[in-house]
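>>> This is a predicted model, with the sequence first.
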Amino acid sequence: MLFTTRIDLPEKVRTPVIGLLNERLAETIDLALQVKQAHWNVKGPNFIGLHKLFDELRDEVDEAVDDIAERIAALGGVAEGTIQAVGTASKLSAYPLKLTTGHAHVEALASAVAAVGKSIRAAIDRSDELKDASTSDLFTQISRTLDKYLWFLEAHLQADR
Ligand SMILES: [Fe+2]
């Protein structure tokens, strides 16, 4: 379903870009849920630092989710953000429910952030090829944030190297 709009991007651009945005929307919503899962369940000596870091990351991911969804609407599309739609569309690995230690949660989140970071980076190029520079710029902004938080997470794992 594509709404009419005065935006100067033709349907043949908007349709595939909306598809690309909805794929990334599913992944970022999945990531947001995974981050909160870690925020709630992390235990161990670094509890408070990780608990707060994960919440900060959740805020950043929520902003990305909202920006992606609103871009879809701006292009005349329908943002597919229900749990059912996301459950079907997200290609992220399921977050393990049994993790407890800070190390295990940081490892799991680093993998999830890296996976989303990789597909967002691919989406920068794809939206650029489709000649939607504004969507490409949005993905670029999200990519930079995810790279930064991957660094924050990996810094906890690299102390001895
Ligand atoms: Fe909380």
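Looks like it arrived, so ask away.

>>> contacts and neighbour counts: CA atoms only from here.
Will do.

>>> For the most centrally placed residue in the chain, which residues are in contact?
Against the mean C-alpha coordinate of the chain, by C-alpha atoms, centre = their mean, the closest residue is Thr28 at 2.8 Å. Contact analysis of Thr28 by C-alpha atoms under 8 Å, 6 or more residues apart in numbering lists 61, 64-65, 116.

>>> Can you give me the pLDDT of it?
pLDDT for Thr28: 98.

>>> need the longest helix for this protein.
Longest helix in the chain, counting residues (DSSP state H): helix 11-41.

>>> List the buried residues of it.
14-15, 17-39, 41 (16 or more other C-alpha atoms under 10 Å).

>>> Show me how far that helix is from its chain's centre.
Put simply, helix 11-41 sits 5 Å off its chain's centre (C-alpha atoms, centre = their mean, to the nearest Å).

>>> Check the contacts of Thr28 against Val78 and report the nearest one.
Using C-alpha to C-alpha, Val65 comes nearest to Val78 of the contacts of Thr28, at 13.8 Å.

>>> Please name every helix or strand in contact with the helix or strand that contains Val113.
Per DSSP states H and E: Val113 is located in helix 102-129. When contacts are defined as 3 or more C-alpha pairs under 8 Å, 6 or more residues apart in numbering; DSSP states H and E, helix 102-129 sits against helix 11-41, helix 133-157.

>>> mind redoing it with 6 Å?
Helix 102-129 sits against helix 133-157, with contacts defined as 3 or more C-alpha pairs under 6 Å, 6 or more residues apart in numbering; DSSP states H and E.

>>> Tell me who's in contact with Ala155.
Listed by C-alpha atoms under 6 Å, 6 or more residues apart in numbering, the contact set of Ala155 is empty.

>>> Give me the three-state assignment for the closest residue to His39 other than its chain neighbours.
The shortest distance from His39 to any non-neighbouring residue, by C-alpha to C-alpha, 6 or more residues apart in numbering, is to His51 (4.9 Å). Judged by DSSP: H, G, I helix; E, B strand; the rest coil, the three-state class of His51 is helix.
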